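Chemist: Please find the sequence and the predicted model below.
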Amino acid sequence: MTPGKVVDKAPGTSQTDVVIESIRQMIIDGRLRSGDRLPVEKDLATALGVSRNPLREGVRALSMMGVLETRQGDGTYVTKLEPSMLLAPIGFVVDLQDGSGTHHLHAVRRMLETEAAAIAAQQIAPADLDAAAELLRHNEAELRLDEPDHETVIENDIAFHRIIADAAGNPVLAALINALGGRTMRDRLRRSITQPGADETAHTEHLAILAALTAHDPDRARIRMAVHLFTVEDDLLETHRRTDGETRPVEEPPALEQP
């Protein structure tokens, strides 16, 4: 790999930013490809015109983004650049959002996942249908217990949704759905614990989704998924309104003018 031209440094740009942008540009230009090994630290720092500490910081940042990976004793390599890795940091950003924006995140998830269900219905493999059905059987058995394990139920729910997202055959779509799912699933756990019957309702909705997938009916799969996710979304909106009402100061009505 030949480093080539270094990205021009704009005023106020740190050396770490130069490293990140330069390596990004090398990948875009094709000078670095998936699986390529970066030059040794000294040579790369010289080529980019930076010192070693900023170079290490830039490499660490790109590693967190899923662009690079450091192999102990073997150097630093460009990853496979798979969407699931590159879009994973979105999940980190989603996790940082406070509860007031959760319903907005869920609305985006709903738009993506309803279409994923419709696409999956047209091409889902028998093995995936069997795996999805097995997860729902486990949940049904769990929900018959006097004290079901809510976390187990939610984990199976997540796996059920992941099967559908993957079956759509679009890795970018699946990665986005998975990234958005973390925060909304935590809210689903809250609902599972605090609202009697919530798990049973979700299970019934999942069975309806599975039936549509098994019938390879994309319209029905889209609608069943939408119904399921709207149930969750309505709860999030109600929770937001209730919390907002509790925290918002009560305004005194304007005084009436005396005649």
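Modeler: Looks like it arrived, so ask away.
Chemist: can you tell me the helix or strand for Ala208?
Modeler: Secondary structure from DSSP states H and E places Ala208 in helix 198-214.
Chemist: now for whichever helix or strand comes after that helix, which elements pack on it?
Modeler: Note on helix 198-214: by DSSP H and E, the next helix or strand toward the C-terminus is helix 218-247. Applying 3 or more C-beta pairs under 8 Å, 6 or more residues apart in numbering; DSSP states H and E, one finds that helix 218-247 makes contact with helix 102-123, helix 171-194, helix 198-214. (C-beta placed from N, C-alpha, C; glycine too.)
Chemist: before we move on, the earlier item: mind exporting the C-alpha coordinates of the helix holding Ala208 to CSV?
Modeler: Taking Å, rounded to 0.1, in the frame of the first residue of the first chain, the C-alpha atoms of helix 198-214 are listed here in CSV:
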residue,chain,number,x,y,z
ALA,A,198,-47.8,-7.0,27.7
ASP,A,199,-45.8,-10.2,27.1
GLU,A,200,-48.8,-12.2,26.1
THR,A,201,-50.0,-9.4,23.7
ALA,A,202,-46.5,-9.3,22.0
HIS,A,203,-46.5,-13.1,21.8
THR,A,204,-49.8,-13.2,20.0
GLU,A,205,-48.6,-10.5,17.6
HIS,A,206,-45.5,-12.5,16.9
LEU,A,207,-47.5,-15.6,16.1
ALA,A,208,-49.5,-13.5,13.6
ILE,A,209,-46.3,-12.2,12.0
LEU,A,210,-44.9,-15.8,11.8
ALA,A,211,-48.2,-17.0,10.1
ALA,A,212,-47.8,-14.3,7.5
LEU,A,213,-44.2,-15.2,6.8
THR,A,214,-45.1,-18.9,6.6
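Chemist: and the helices and strands packed on helix 218-247, which one is worst for confidence?
Modeler: Ranked by mean pLDDT, the helices and strands packed on helix 218-247 bottom out at helix 171-194, which scores a mean of 78.
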